[in-house]
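Asks: can you look at this prediction? I've put the sequence above it.
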Amino acid sequence: MIILGVALLAVCTLIGVFLGDLLGVALGVKANVGGVGIAMILLIAARVWLKNHGRLGKGVIFGVEFWAGMYIPIVVAMAAQQNVVAAASGGPIVIIAAVGSLVLCFGAVALLSRLSPGDATSEAFAHGGSIVGGAASDEPEAHPAPSPSAKTVPAAKE
Amino acid sequence: MLHMIEHVFLEQSLVAAFAVVGGLILFSNFVAKHLTAGRVHGSAIAIVLGLVLAYFAGLYTGGKKGVADIPALAGIGLMGGAMLRDFAIVATAFEVDVVEARRAGLLGVIALALGTILPFIVGTLTAVAFGYHDAVSITTIGAGAITYIVGPVTGAAIGADSTVMALSIATGVTKAVMVMVGTPLVARLIGLNNPRSAMAYGGLMGTVSGVAGGLAATDPRLVPYGALTATFHTGIGCLVGPSILFLAVRAIVGG
(Lines give C-alpha, C1' and ligand atoms only; values in the text may rest on other atoms or scores of the structure.)
Protein backbone atom coordinates (compact mmCIF):
# COMPACT_ATOMS: atom_id res chain seq x y z
CA MET A 1 0.00 0.00 0.00
CA ILE A 2 1.20 3.42 -0.96
CA ILE A 3 0.32 5.05 2.33
CA LEU A 4 2.55 2.56 4.13
CA GLY A 5 5.50 3.82 2.14
CA VAL A 6 4.66 7.44 2.90
CA ALA A 7 4.06 6.56 6.55
CA LEU A 8 7.37 4.71 6.72
CA LEU A 9 9.10 7.79 5.37
CA ALA A 10 7.23 10.01 7.82
CA VAL A 11 8.02 7.81 10.82
CA CYS A 12 11.71 7.65 9.89
CA THR A 13 11.78 11.44 9.53
CA LEU A 14 10.00 12.03 12.84
CA ILE A 15 12.21 9.60 14.75
CA GLY A 16 15.34 10.99 13.12
CA VAL A 17 14.46 14.60 13.90
CA PHE A 18 13.49 13.65 17.44
CA LEU A 19 16.82 11.86 17.98
CA GLY A 20 18.58 14.88 16.46
CA ASP A 21 16.83 17.14 18.98
CA LEU A 22 17.76 14.77 21.83
CA LEU A 23 21.36 14.75 20.66
CA GLY A 24 21.28 18.55 20.59
CA VAL A 25 20.00 18.70 24.17
CA ALA A 26 22.53 16.11 25.30
CA LEU A 27 25.34 18.13 23.78
CA GLY A 28 23.94 21.42 25.04
CA VAL A 29 23.39 22.84 21.55
CA LYS A 30 20.39 24.92 20.54
CA ALA A 31 19.98 23.03 17.31
CA ASN A 32 19.07 19.71 15.82
CA VAL A 33 22.21 17.62 15.46
CA GLY A 34 22.06 15.45 12.36
CA GLY A 35 18.34 14.66 12.63
CA VAL A 36 17.77 14.38 8.91
CA GLY A 37 20.91 12.32 8.49
CA ILE A 38 19.77 9.93 11.22
CA ALA A 39 16.38 9.71 9.49
CA MET A 40 18.12 8.82 6.23
CA ILE A 41 20.07 6.06 7.93
CA LEU A 42 16.85 4.74 9.52
CA LEU A 43 15.16 4.66 6.13
CA ILE A 44 18.09 2.83 4.57
CA ALA A 45 17.98 0.30 7.41
CA ALA A 46 14.22 -0.09 7.01
CA ARG A 47 14.60 -0.75 3.31
CA VAL A 48 17.24 -3.40 3.88
CA TRP A 49 15.12 -5.06 6.59
CA LEU A 50 11.95 -5.05 4.49
CA LYS A 51 13.81 -6.40 1.51
CA ASN A 52 15.38 -9.23 3.49
CA HIS A 53 11.98 -10.18 4.91
CA GLY A 54 10.28 -10.05 1.53
CA ARG A 55 7.95 -7.24 2.56
CA LEU A 56 9.15 -4.50 0.27
CA GLY A 57 6.03 -4.25 -1.85
CA LYS A 58 5.49 -2.07 -4.89
CA GLY A 59 3.15 0.25 -3.01
CA VAL A 60 5.69 0.92 -0.28
CA ILE A 61 8.39 1.63 -2.83
CA PHE A 62 6.11 3.96 -4.76
CA GLY A 63 5.10 5.84 -1.60
CA VAL A 64 8.73 6.64 -0.82
CA GLU A 65 9.97 7.14 -4.36
CA PHE A 66 7.23 9.61 -5.15
CA TRP A 67 8.70 11.94 -2.54
CA ALA A 68 12.22 11.32 -3.76
CA GLY A 69 10.98 12.34 -7.19
CA MET A 70 9.47 15.51 -5.73
CA TYR A 71 12.88 16.45 -4.43
CA ILE A 72 13.94 18.70 -7.31
CA PRO A 73 10.63 20.60 -7.53
CA ILE A 74 10.81 21.16 -3.79
CA VAL A 75 14.36 22.42 -4.14
CA VAL A 76 13.21 24.82 -6.86
CA ALA A 77 10.50 26.10 -4.51
CA MET A 78 13.18 26.42 -1.83
CA ALA A 79 15.37 28.47 -4.16
CA ALA A 80 12.42 30.75 -4.92
CA GLN A 81 12.08 31.70 -1.27
CA GLN A 82 15.69 32.46 -0.43
CA ASN A 83 16.50 35.92 0.81
CA VAL A 84 18.45 36.73 -2.35
CA VAL A 85 18.14 40.47 -1.83
CA ALA A 86 20.04 40.19 1.45
CA ALA A 87 22.66 38.05 -0.22
CA ALA A 88 23.07 40.45 -3.11
CA SER A 89 23.28 43.56 -0.93
CA GLY A 90 25.54 42.19 1.77
CA GLY A 91 28.58 44.25 0.83
CA PRO A 92 32.23 43.26 0.43
CA ILE A 93 32.75 41.50 3.75
CA VAL A 94 29.90 39.10 2.96
CA ILE A 95 31.05 38.48 -0.59
CA ILE A 96 34.68 37.92 0.38
CA ALA A 97 33.84 35.56 3.24
CA ALA A 98 31.39 33.58 1.10
CA VAL A 99 33.53 33.37 -2.03
CA GLY A 100 36.67 32.62 -0.04
CA SER A 101 35.15 29.72 1.85
CA LEU A 102 33.47 28.46 -1.29
CA VAL A 103 36.69 28.37 -3.32
CA LEU A 104 38.58 26.71 -0.51
CA CYS A 105 35.89 24.07 -0.02
CA PHE A 106 35.59 23.32 -3.72
CA GLY A 107 39.37 22.88 -3.71
CA ALA A 108 39.12 20.50 -0.78
CA VAL A 109 36.46 18.46 -2.60
CA ALA A 110 38.78 18.21 -5.58
CA LEU A 111 41.63 17.13 -3.32
CA LEU A 112 39.58 14.52 -1.48
CA SER A 113 38.14 13.08 -4.66
CA ARG A 114 41.65 12.78 -6.11
CA LEU A 115 43.05 11.18 -2.97
CA SER A 116 40.19 8.75 -2.67
CA PRO A 117 38.66 8.14 -6.06
CA GLY A 118 35.14 6.83 -6.22
CA ASP A 119 33.20 4.64 -8.53
CA ALA A 120 30.11 5.74 -10.42
CA THR A 121 29.22 2.46 -12.02
CA SER A 122 26.90 0.81 -9.52
CA GLU A 123 23.37 0.06 -10.60
CA ALA A 124 21.82 1.54 -7.45
CA PHE A 125 23.57 4.83 -8.23
CA ALA A 126 22.05 5.07 -11.70
CA HIS A 127 18.64 3.91 -10.52
CA GLY A 128 18.63 6.51 -7.74
CA GLY A 129 19.34 9.19 -10.29
CA SER A 130 16.35 8.31 -12.38
CA ILE A 131 14.08 8.42 -9.33
CA VAL A 132 15.47 11.60 -7.78
CA GLY A 133 15.65 13.18 -11.20
CA GLY A 134 11.91 12.69 -11.31
CA ALA A 135 12.16 11.39 -14.85
CA ALA A 136 11.76 7.70 -14.13
CA SER A 137 8.87 7.28 -16.53
CA ASP A 138 9.39 10.27 -18.80
CA GLU A 139 11.79 8.51 -21.09
CA PRO A 140 10.11 6.21 -23.58
CA GLU A 141 11.39 2.65 -23.57
CA ALA A 142 12.73 3.06 -27.09
CA HIS A 143 15.74 5.05 -25.85
CA PRO A 144 17.50 2.74 -23.42
CA ALA A 145 19.04 4.75 -20.59
CA PRO A 146 19.74 7.89 -22.59
CA SER A 147 20.48 10.35 -19.86
CA PRO A 148 22.67 10.11 -16.82
CA SER A 149 25.11 7.29 -17.39
CA ALA A 150 25.92 8.21 -20.96
CA LYS A 151 26.56 11.86 -20.25
CA THR A 152 29.13 11.75 -17.50
CA VAL A 153 32.66 10.59 -17.97
CA PRO A 154 33.23 7.20 -16.37
CA ALA A 155 34.43 8.07 -12.92
CA ALA A 156 36.52 4.95 -12.56
CA LYS A 157 39.33 6.57 -14.47
CA GLU A 158 39.79 9.27 -11.81
CA MET B 1 -12.09 37.96 -12.67
CA LEU B 2 -8.49 38.52 -11.71
CA HIS B 3 -9.64 38.86 -8.14
CA MET B 4 -11.34 35.48 -8.29
CA ILE B 5 -8.25 33.81 -9.70
CA GLU B 6 -6.20 35.31 -6.91
CA HIS B 7 -8.74 34.00 -4.45
CA VAL B 8 -8.23 30.47 -5.76
CA PHE B 9 -4.47 30.86 -5.42
CA LEU B 10 -4.87 32.08 -1.84
CA GLU B 11 -7.21 29.32 -0.87
CA GLN B 12 -5.32 26.50 -2.60
CA SER B 13 -1.84 27.76 -1.82
CA LEU B 14 0.05 24.47 -1.83
CA VAL B 15 -1.77 23.16 -4.89
CA ALA B 16 -1.05 26.45 -6.64
CA ALA B 17 2.62 26.08 -5.71
CA PHE B 18 2.72 22.63 -7.34
CA ALA B 19 1.29 24.09 -10.52
CA VAL B 20 3.61 27.10 -10.54
CA VAL B 21 6.76 25.07 -9.84
CA GLY B 22 5.71 22.50 -12.43
CA GLY B 23 5.30 25.26 -14.98
CA LEU B 24 8.68 26.71 -14.03
CA ILE B 25 10.37 23.33 -14.48
CA LEU B 26 8.60 22.70 -17.79
CA PHE B 27 9.82 26.08 -19.03
CA SER B 28 13.35 25.42 -17.73
CA ASN B 29 13.51 22.02 -19.41
CA PHE B 30 12.39 23.60 -22.66
CA VAL B 31 15.08 26.26 -22.37
CA ALA B 32 17.70 23.64 -21.48
CA LYS B 33 16.80 21.49 -24.44
CA HIS B 34 16.41 24.13 -27.11
CA LEU B 35 18.56 27.07 -26.08
CA THR B 36 21.51 25.29 -24.47
CA ALA B 37 21.23 22.09 -26.53
CA GLY B 38 21.02 20.06 -23.34
CA ARG B 39 24.37 21.26 -22.05
CA VAL B 40 22.83 22.80 -18.94
CA HIS B 41 20.54 20.72 -16.72
CA GLY B 42 16.92 21.85 -16.76
CA SER B 43 16.93 21.75 -12.97
CA ALA B 44 19.95 24.09 -12.85
CA ILE B 45 18.03 26.61 -14.91
CA ALA B 46 14.93 26.16 -12.75
CA ILE B 47 16.92 26.77 -9.57
CA VAL B 48 18.63 29.87 -10.94
CA LEU B 49 15.27 31.10 -12.21
CA GLY B 50 13.84 30.51 -8.74
CA LEU B 51 16.62 32.59 -7.22
CA VAL B 52 16.09 35.39 -9.75
CA LEU B 53 12.36 35.40 -9.01
CA ALA B 54 13.16 35.44 -5.29
CA TYR B 55 15.37 38.47 -5.85
CA PHE B 56 12.72 40.49 -7.67
CA ALA B 57 10.01 39.36 -5.28
CA GLY B 58 12.24 40.46 -2.41
CA LEU B 59 12.73 43.89 -3.99
CA TYR B 60 8.99 44.14 -4.63
CA THR B 61 7.69 43.02 -1.23
CA GLY B 62 10.65 44.03 0.93
CA GLY B 63 10.28 40.69 2.71
CA LYS B 64 12.79 38.01 3.53
CA LYS B 65 11.12 34.98 1.99
CA GLY B 66 11.42 35.73 -1.71
CA VAL B 67 8.46 34.67 -3.81
CA ALA B 68 6.70 33.26 -0.74
CA ASP B 69 6.05 36.80 0.52
CA ILE B 70 3.64 37.38 -2.36
CA PRO B 71 0.29 36.26 -0.90
CA ALA B 72 -0.84 34.40 -4.02
CA LEU B 73 2.41 32.40 -4.02
CA ALA B 74 2.58 31.74 -0.30
CA GLY B 75 2.28 28.02 -1.01
CA ILE B 76 5.84 28.09 -2.37
CA GLY B 77 6.86 28.80 1.20
CA LEU B 78 5.24 25.58 2.38
CA MET B 79 6.41 23.52 -0.57
CA GLY B 80 10.02 24.68 -0.31
CA GLY B 81 10.04 25.06 3.46
CA ALA B 82 12.19 23.05 5.81
CA MET B 83 9.48 20.45 6.53
CA LEU B 84 8.90 19.18 3.00
CA ARG B 85 12.52 19.77 2.05
CA ASP B 86 13.73 17.47 4.81
CA PHE B 87 10.98 14.97 4.01
CA ALA B 88 12.09 14.77 0.38
CA ILE B 89 15.76 14.61 1.36
CA VAL B 90 15.07 11.65 3.63
CA ALA B 91 13.15 9.99 0.79
CA THR B 92 16.21 10.18 -1.46
CA ALA B 93 18.02 7.95 1.06
CA PHE B 94 15.88 5.09 -0.26
CA GLU B 95 18.14 5.14 -3.30
CA VAL B 96 21.45 5.08 -1.47
CA ASP B 97 23.89 2.35 -2.37
CA VAL B 98 24.62 1.13 1.16
CA VAL B 99 27.96 -0.47 0.38
CA GLU B 100 29.26 2.66 -1.29
CA ALA B 101 27.98 4.97 1.45
CA ARG B 102 29.54 2.88 4.20
CA ARG B 103 32.85 2.71 2.37
CA ALA B 104 32.92 6.51 2.15
CA GLY B 105 32.05 7.00 5.83
CA LEU B 106 35.50 8.11 6.99
CA LEU B 107 35.82 10.41 4.00
CA GLY B 108 32.53 12.00 5.02
CA VAL B 109 33.77 12.61 8.55
CA ILE B 110 36.98 14.22 7.28
CA ALA B 111 34.95 16.36 4.90
CA LEU B 112 32.65 17.45 7.73
CA ALA B 113 35.60 18.52 9.85
CA LEU B 114 37.22 20.43 7.01
CA GLY B 115 33.87 21.88 5.97
CA THR B 116 33.45 23.40 9.40
CA ILE B 117 36.99 24.64 9.97
CA LEU B 118 37.92 26.03 6.54
CA PRO B 119 34.93 28.39 6.10
CA PHE B 120 35.26 29.47 9.72
CA ILE B 121 38.89 30.46 9.22
CA VAL B 122 38.06 32.36 6.03
CA GLY B 123 35.15 34.10 7.76
CA THR B 124 37.17 35.10 10.80
CA LEU B 125 40.08 36.38 8.73
CA THR B 126 37.68 38.45 6.63
CA ALA B 127 36.11 39.87 9.78
CA VAL B 128 39.53 40.81 11.14
CA ALA B 129 40.51 42.37 7.82
CA PHE B 130 37.39 44.53 7.97
CA GLY B 131 38.27 45.84 11.39
CA TYR B 132 36.47 43.60 13.85
CA HIS B 133 38.59 43.02 16.91
CA ASP B 134 36.35 41.43 19.50
CA ALA B 135 36.14 37.67 19.74
CA VAL B 136 32.33 37.63 19.73
CA SER B 137 31.93 39.46 16.43
CA ILE B 138 34.79 37.61 14.76
CA THR B 139 33.38 34.24 15.82
CA THR B 140 29.83 35.13 14.73
CA ILE B 141 30.91 36.21 11.26
CA GLY B 142 33.15 33.17 10.95
CA ALA B 143 30.26 30.93 11.97
CA GLY B 144 28.07 32.57 9.34
CA ALA B 145 30.54 31.38 6.73
CA ILE B 146 29.80 27.80 7.89
CA THR B 147 26.04 28.09 7.27
CA TYR B 148 23.38 30.72 7.79
CA ILE B 149 21.96 28.75 10.68
CA VAL B 150 25.26 28.20 12.48
CA GLY B 151 25.91 31.97 12.32
CA PRO B 152 22.90 33.22 14.25
CA VAL B 153 22.84 30.21 16.61
CA THR B 154 26.46 30.89 17.53
CA GLY B 155 25.91 34.65 17.69
CA ALA B 156 22.92 34.26 19.99
CA ALA B 157 24.81 31.88 22.25
CA ILE B 158 27.79 34.19 22.73
CA GLY B 159 25.84 37.47 22.71
CA ALA B 160 26.70 39.13 19.40
CA ASP B 161 24.92 42.35 18.46
CA SER B 162 22.28 42.41 15.77
CA THR B 163 24.27 44.09 13.00
CA VAL B 164 26.98 41.46 13.27
CA MET B 165 24.30 38.81 13.36
CA ALA B 166 22.73 40.19 10.18
CA LEU B 167 26.15 40.20 8.53
CA SER B 168 26.68 36.63 9.61
CA ILE B 169 23.33 35.48 8.20
CA ALA B 170 23.95 37.35 4.95
CA THR B 171 27.30 35.58 4.60
CA GLY B 172 25.66 32.19 5.04
CA VAL B 173 22.82 32.97 2.63
CA THR B 174 25.28 34.26 0.04
CA LYS B 175 27.29 31.09 0.40
CA ALA B 176 24.17 28.94 -0.02
CA VAL B 177 23.13 30.81 -3.16
CA MET B 178 26.64 30.59 -4.58
CA VAL B 179 26.82 26.86 -3.88
CA MET B 180 23.53 26.33 -5.74
CA VAL B 181 24.70 28.26 -8.78
CA GLY B 182 28.38 27.39 -8.68
CA THR B 183 28.28 23.63 -8.22
CA PRO B 184 27.18 22.64 -11.73
CA LEU B 185 29.85 24.96 -13.13
CA VAL B 186 32.76 23.40 -11.25
CA ALA B 187 31.44 19.85 -10.86
CA ARG B 188 33.68 18.36 -13.52
CA LEU B 189 36.70 20.30 -12.34
CA ILE B 190 36.44 18.98 -8.78
CA GLY B 191 35.62 15.41 -9.77
CA LEU B 192 32.06 15.56 -8.49
CA ASN B 193 30.61 12.62 -10.39
CA ASN B 194 30.41 9.64 -8.04
CA PRO B 195 28.99 8.74 -4.62
CA ARG B 196 32.28 9.21 -2.78
CA SER B 197 32.99 12.68 -4.04
CA ALA B 198 29.34 13.61 -3.45
CA MET B 199 29.71 12.62 0.20
CA ALA B 200 32.89 14.67 0.48
CA TYR B 201 31.14 17.57 -1.21
CA GLY B 202 28.13 17.39 1.13
CA GLY B 203 30.34 17.47 4.19
CA LEU B 204 32.51 20.30 2.90
CA MET B 205 29.82 22.59 1.55
CA GLY B 206 27.49 21.88 4.41
CA THR B 207 24.67 24.31 3.87
CA VAL B 208 21.76 21.93 3.28
CA SER B 209 19.90 24.25 0.94
CA GLY B 210 23.06 24.96 -1.04
CA VAL B 211 23.98 21.30 -1.32
CA ALA B 212 20.40 20.27 -2.13
CA GLY B 213 20.21 22.84 -4.89
CA GLY B 214 23.74 22.39 -6.17
CA LEU B 215 23.51 18.62 -6.52
CA ALA B 216 20.02 18.73 -8.02
CA ALA B 217 21.37 21.10 -10.63
CA THR B 218 24.43 18.97 -11.30
CA ASP B 219 23.31 15.35 -11.33
CA PRO B 220 20.34 13.86 -9.46
CA ARG B 221 22.25 10.63 -8.90
CA LEU B 222 24.53 12.43 -6.44
CA VAL B 223 21.76 13.88 -4.28
CA PRO B 224 21.31 11.18 -1.63
CA TYR B 225 25.03 10.86 -0.95
CA GLY B 226 25.68 14.59 -0.64
CA ALA B 227 22.59 15.08 1.51
CA LEU B 228 23.63 12.29 3.85
CA THR B 229 26.74 14.17 5.00
CA ALA B 230 25.43 17.71 4.56
CA THR B 231 22.60 17.18 7.01
CA PHE B 232 25.11 16.60 9.81
CA HIS B 233 27.01 19.75 8.98
CA THR B 234 24.77 22.40 10.54
CA GLY B 235 24.40 20.44 13.77
CA ILE B 236 28.14 20.02 14.10
CA GLY B 237 28.66 23.70 13.32
CA CYS B 238 26.16 24.69 16.01
CA LEU B 239 27.98 22.38 18.38
CA VAL B 240 31.53 23.66 17.89
CA GLY B 241 30.75 27.29 16.96
CA PRO B 242 29.84 28.73 20.34
CA SER B 243 32.20 26.35 22.16
CA ILE B 244 35.53 25.22 20.72
CA LEU B 245 35.72 27.77 17.91
CA PHE B 246 34.72 30.70 20.12
CA LEU B 247 37.22 29.69 22.79
CA ALA B 248 39.94 29.36 20.15
CA VAL B 249 39.23 32.81 18.76
CA ARG B 250 39.12 34.32 22.24
CA ALA B 251 42.42 32.69 23.11
CA ILE B 252 44.00 34.25 20.03
CA VAL B 253 42.54 37.77 20.02
CA GLY B 254 41.91 38.02 23.76
CA GLY B 255 38.63 39.38 25.17
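Replies: All right, it came through fine.

Asks: give the contact list for B:Ala160.
Replies: Going by C-beta atoms under 8 Å, 6 or more residues apart in numbering or on different chains, B:Ala160 touches B:Val136, B:Ser137, B:Thr139, B:Thr140, B:Thr154, B:Ser168. All C-beta atoms are positioned from the backbone trio N, CA, C, and that covers glycine.

Asks: and it, which of the three is it?
Replies: Secondary structure, DSSP: H, G, I helix; E, B strand; the rest coil: B:Ala160 is coil.

Asks: before we move on, back to that, mind putting the contacts of B:Ala160 into TSV with distance to chain A and secondary structure?
Replies: Formatted as TSV, the contacts of B:Ala160 follow (distance: C-beta to the nearest C-beta, whole Å; DSSP: H, G, I helix; E, B strand; the rest coil):
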residue	distance to chain A	secondary structure
B:Val136	16	helix
B:Ser137	11	helix
B:Thr139	13	helix
B:Thr140	11	helix
B:Thr154	10	helix
B:Ser168	9	helix
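
Asks: redo the residues you listed as TSV? Include pLDDT and neighbour count.
Replies: Output for these, formatted as TSV (pLDDT from 0 to 100; neighbours: other C-beta atoms under 10 Å in any protein chain shown):
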residue	pLDDT	neighbour count
B:Val136	90	19
B:Ser137	91	26
B:Thr139	93	32
B:Thr140	92	36
B:Thr154	85	31
B:Ser168	87	31
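
Asks: just checking, B:Ala88 touches A:Met70?
Replies: Yes: with contact defined as C-beta atoms under 8 Å, B:Ala88 counts as touching A:Met70 (5.5 Å).

Asks: pull the longest helix from chain A.
Replies: The longest helix of chain A (DSSP state H) is helix A:2-27.

Asks: tell me how many other residues surround residue 94.
Replies: I went with chain A, as the question did not name one. Per other C-beta atoms under 10 Å in any protein chain shown, the neighbour tally for A:Val94 reads 28.

Asks: please refer instead to chain B.
Replies: Residues lying near B:Phe94 (other C-beta under 10 Å) number 26.

Asks: which residues touch it?
Replies: Applying C-beta under 8 Å, 6+ apart to B:Phe94 gives the contacts A:Leu9, A:Leu43, A:Ile44, A:Arg47, A:Ile61, A:Val64, A:Glu65, A:Ala68, A:Ile131, B:Pro224.

Asks: show the end-to-end separation of stretch B:210-227, please.
Replies: End-to-end span of stretch B:210-227 (C-alpha to C-alpha, to the nearest Å): 10 Å.

Asks: any residue of it up close to chain A?
Replies: Yes: counting by C-beta under 8 Å from any C-beta of the partner chain, chain A is contacted by stretch B:210-227 at B:Ala212, B:Gly213, B:Ala216, B:Asp219, B:Pro220, B:Arg221, B:Leu222, B:Val223, B:Pro224, B:Ala227.

Asks: state the phi and psi torsions of the second one.
Replies: The main-chain torsion angles of B:Gly213 are listed as degrees, to the nearest 10 and equal phi -70, psi -40.

Asks: check what pLDDT the nearest residue to it once chain neighbours are set aside gets.
Replies: In space, and not counting its chain neighbours, B:Gly213 is closest to B:Met180: 3.5 Å by C-beta to C-beta, 6 or more residues apart in numbering or on different chains. Looking at B:Met180, its pLDDT reads 87.

Asks: helices and strands of chain B: which one bottoms out on pLDDT?
Replies: Lowest on mean pLDDT, DSSP states H and E among the helices and strands of chain B sits helix B:98-103, with a mean of 78.

Asks: list the buried residues in that one.
Replies: For helix B:98-103, the neighbour count (16 or more other C-beta atoms under 10 Å in any protein chain shown) marks B:Glu100, B:Ala101, B:Arg103 as buried.

Asks: quick one: the first one from B:Arg188, how far?
Replies: B:Glu100 sits 20 Å away from B:Arg188, taking C-beta to C-beta, to the nearest Å as the criterion.

Asks: SS state for the residue lying closest to B:Gly172 once chain neighbours are set aside?
Replies: Closest residue in space to B:Gly172, ignoring its immediate chain neighbours: B:Tyr148 at 2.6 Å, by C-beta to C-beta, 6+ apart. Following three-state DSSP, the label given to B:Tyr148 is coil.
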